[in-house]
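Chemist: One predicted model, sequence on top.
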Amino acid sequence: MSLLEKIKFNEAGLVPAIAQDAATGRVLMMAWMNEEALEQTLATGFAHYYSRSRSKQWKKGESSGHVQKVIDMFLDCDGDTLLLIIEQTGPACHTNRKSCFYKQRQDGEWITIEEPII
């Protein structure tokens with residue numbers, strides 16, 4: 001069985017992919033991959049994703065230069081989520097923050113933070 005055959009893509013042909021910084025362990029973002037994006041990632045060594053809103057493939061950093069070099073890749077126990085260990089160039093979030101996870105729950109509200117507590 002090939003690498004792709006072991007992945008359980010959802011009914012839309014997508015699988016969530018979590019990008020984690022190799023140096024810090026910080027979770028930077030989550031995006032979707034389809035089979036083509038995964039094949040491109042494996043072939044190039046740089047993260048490629050599928051944009052649901054634009055209905056197209058994209059290489060992370062293709063316009064910003066903030067690319068993600070894939071160091072390692074893991075498949076979860078259910079076979080339905082990928083974890084990419086990456087070297088991030090520049091910010092990972094389209095808001096120009098280091099991580100897409102910059103809102104923290106505090107006192108029943110979402111508070112914008114620059115660095116995570118953990």
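Modeler: Cool, the structure landed.
Chemist: so which strand or helix has Leu38?
Modeler: helix 35-44 (DSSP states H and E).
Chemist: in that helix, what's buried?
Modeler: 37-38, 40-41 (16 or more other CB atoms under 10 Å). Every residue, glycine included, has its C-beta placed from N, CA and C.
Chemist: same deal with stretch 73-83?
Modeler: 73, 81-83.
Chemist: which residues sit in contact with Ala22?
Modeler: Ala22 makes contact with 71-72, 85-87, according to CB atoms under 8 Å, 6 or more residues apart in numbering.
Chemist: coming back round to it: pull the helix holding Leu38 out as CSV, backbone CA atoms only.
Modeler: Written as CSV, here are the backbone C-alpha positions of helix 35-44 (Å, rounded to 0.1, in the frame of the first residue of the first chain):
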residue,chain,number,x,y,z
GLU,A,35,-3.9,14.2,-3.1
GLU,A,36,-2.3,16.6,-5.6
ALA,A,37,-1.1,19.0,-2.8
LEU,A,38,0.4,16.0,-0.9
GLU,A,39,2.1,14.7,-4.0
GLN,A,40,3.6,18.2,-4.7
THR,A,41,4.8,18.5,-1.1
LEU,A,42,6.4,15.1,-1.3
ALA,A,43,8.0,15.9,-4.7
THR,A,44,9.3,19.4,-3.8
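Chemist: Residues touching that helix, excluding its own?
Modeler: Against helix 35-44 from outside (CB under 8 Å, 6+ apart): 3-4, 7, 9, 13, 15, 33, 47-50, 57, 59, 70, 73, 82, 84.
Chemist: For the helix or strand just after that helix, buried residues please.
Modeler: Per DSSP H and E, helix 35-44 leads on to strand 48-51 as the next helix or strand towards the C-terminus. With burial defined by 16+ other CB under 10 Å, the residues of strand 48-51 counted as buried are 48-50.
Chemist: Would you tell me what the next helix or strand after strand 48-51 is?
Modeler: strand 56-59.
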